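> Provide a 3D model corresponding to the input given below.
(2 chains)
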Amino acid sequence: MRRFAAWLVAGSVLAAVFAAYLRPDLAFTLANQLWNCF
Amino acid sequence: MKSPASPPLSLPIGQVLACAGLIVTLSMGIRHGFGLWLQPITMERGWSRETFAFALAIQNLAWGVATPFAGMLADRFGAFKVLLTCSVLYALGLVTMALATTGLAFTTSAGVVLGLAQAGTTYAVVYGVIGRNVPAERRSWAMGVAAAAGSFGQFLMVPVENVLIGSFGWQNALFVLGVGALAIVPLAFGLKEAPFAKPTPDQQSIGGAIREAFAYPSFVLLMAGYFVCGFQVVFIGVHMPSYLKDHGLTANVATTALALIGLFNVIGTYAAGSLGQVFPKRYILSTIYLLRSIVIVVFLNVPLSPMSVYVFAATMGVLWLSTVPPTNAVVAQIFGVRHLSMLGGFVFFSHQIGSFLGVWLGGRLYDATGSYDVVWWIAVGLGVFAALVNLPVRETAIARPVAQPA
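The predicted structure is shown next:
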């Protein structure tokens, strides 16, 4: 049970961070940075 | 003849993993988002992009060159002192990076100082403590946990740093990160080992360990494989957005692709460490490099679309830093843990040379040929080469002659 909970927490944290990348402000900043570099 | 023996374990595994994991989360994470400072710094200081890029190139080289020496000090005096010193250096580098007003000062702070700081706070030094305090039968898994933590740090810190810059401004954001780097100090206490005994004449010297490693074919083969890892990962990380742009894809696709690489990298590094407990690590490494080549070939030969990019990013993410735990675990398996940080540092140096060439050749050959095709195929060829050279690696402990009593 504890093992399952640990994996659930880890998965949730990863999903939350991934969601942060999809926020328009970060996506906009990253897109600008990436494109302006080349 | 005798084989490398493991010293008695002294720190609880849970404590080692928690502290090591948090340390590399910080040390690998903080540096990963430096690209976000490119625009604000170059605009405010009136510098060219080259000034910024040159400092980061120097940082990567300094990191690679200094890691064997940081490892040497950690093996001799303990990781604790190296971690303390380098966390302070990390904070100092970030603060002086924020205050630098000339290109030279920026290169010194963001390049040299931060490169040295990373050498003493990342995998090589931390893996020495793990090697000495985790039994051999769980070492690969433990290294996988620490590597996954570092991968998570890279994944986490880009959005965090974006929020910091947005909330506090680019300069204050660097000061905040400087305070963050100092959090390594209390965490280092969790990796503080009992003082090492002074080396006795019958123990292997640093020079002896270096000579032994470089004369041992398997070590050289591991270095060759890690060189390829650096080449492929950094070439793709740096040049893929440009490749996608050339082929008419939007910036959002590139952003999502980098996020997918970050996400699956965490999973891949943990999985590779865990698999190292079950399968021979040379086969794991060989498979990773071969799969990278196959994935690149498929990517280049299917019609380019957002979906093909996402699938490529996710699969490449799984294979991204998954070479770290098996490579270091094999070094520990062959040579023991006495000089593990230093030897891991030499292997990492080879990785950084590959990284440098991946970035530089990517740009150079693009300029020369007008496309990335040649470099992609070099990456494929190198992947096959790395898959082959890892196959004959001997994972058994090296046999050393024992001094006979007179």
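
> For the stretch 201-350 of chain B, what lies in contact range of chain A?
Those residues of the stretch 201-350 of chain B that sit near chain A, judged by CB under 8 Å from any CB of the partner chain, are B:241-242, B:245, B:250-252, B:254-256, B:258-260, B:262-263, B:266-267. C-beta coordinates here come from the backbone N, C-alpha and C atoms, glycine included.

> Going by neighbour count, which of these comes out on top?
Within those, most neighbours by other CB atoms under 10 Å in any protein chain shown means residue B:266, with 27 neighbours.

> which parts of the longest helix seen in chain A are buried?
Counting residues, the longest helix found in chain A (DSSP state H) is helix A:2-21. When burial is assessed from 16 or more other CB atoms under 10 Å in any protein chain shown, helix A:2-21 yields the following buried residues: A:14, A:17-18, A:20-21.

> show me which of those residues neighbour chain B.
Checking those against chain B by CB under 8 Å from any CB, the ones in range are A:14, A:17-18, A:20-21.

> Contacts for the longest helix of chain A next, please.
Contacts with helix A:2-21, where a contact means CB atoms under 8 Å, 6 or more residues apart in numbering or on different chains, come from A:26-27, A:30, B:152, B:155-156, B:158-159, B:255-256, B:258-260, B:262-263, B:266-267.

> Against residue B:158, how distant is the closest residue to chain A within the stretch 251-400 of chain B?
With CB to the nearest CB, the shortest gap between the stretch 251-400 of chain B and chain A falls at residue B:251, namely 3.2 Å. Distance, residue B:251 to residue B:158, by CB to CB, to the nearest Å: 15 Å.

> Near chain A, which residues of the stretch 1-150 of chain B? Just list them.
Counting by CB under 8 Å from any CB, the stretch 1-150 of chain B sits next to chain A at B:35-36, B:38-39, B:49.

> Buried only: go through those for me.
Buried among the residues of the stretch 1-150 of chain B next to chain A by 16+ other CB under 10 Å: B:35-36, B:38-39.

> So which of those residues belong to helices?
Using DSSP H, these in helices are B:38-39.

> CSV please, covering the buried ones among the residues of the stretch 1-150 of chain B next to chain A and showing pLDDT.
What follows is those, written out as CSV (pLDDT from 0 to 100):
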residue, pLDDT
B:35, 82
B:36, 84
B:38, 83
B:39, 83
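
> got any ranges where the stretch 1-150 of chain B has weak pLDDT?
B:1-9 (pLDDT under 70).

> For the one residue in the stretch 51-200 of chain B that gets nearest to chain A, which non-adjacent residue is closest in space?
Closest contact between the stretch 51-200 of chain B and chain A, by CB to the nearest CB, is at residue B:159 (3.8 Å). Nearest non-adjacent residue to residue B:159, counting by CB to CB, 6 or more residues apart in numbering or on different chains: residue A:20, 3.8 Å away.

> Name the single longest helix found in chain B.
Taking DSSP H as the criterion, chain B has its longest helix at helix B:136-168.

> what helices or strands is that one leaning on?
On a contact count with 3 or more CB pairs under 8 Å, 6 or more residues apart in numbering or on different chains; DSSP states H and E, helix B:136-168 meets helix A:2-21, helix A:24-36, helix B:13-32, helix B:123-133, helix B:170-182, helix B:251-275, helix B:324-335.

> contacts for whatever helix or strand comes next after the longest one?
For helix B:251-275, the following helix or strand on the C-terminal side (DSSP states H and E) is helix B:281-301. Counting contacts by CB under 8 Å, 6+ apart, the residues outside helix B:281-301 that touch it are B:140, B:225, B:228-229, B:232, B:272, B:275-276, B:308, B:312, B:315-316, B:319, B:322-323, B:326-327, B:329-330, B:333, B:373, B:376, B:379-381, B:383-384, B:386-388, B:390-393, B:395.

> any idea how far helix B:281-301 is from the chain center?
19 Å (CA atoms, centre = their mean, to the nearest Å).

> Isn't residue B:359 up against residue B:54?
No. Using CB atoms under 8 Å, residue B:359 makes no contact with residue B:54, being 11.8 Å away.

> out of these two, which sits in the more crowded spot?
In this view residue B:359 and residue B:54 are compared by other CB under 10 Å, and residue B:359 has more residues nearby, 21 against 17.
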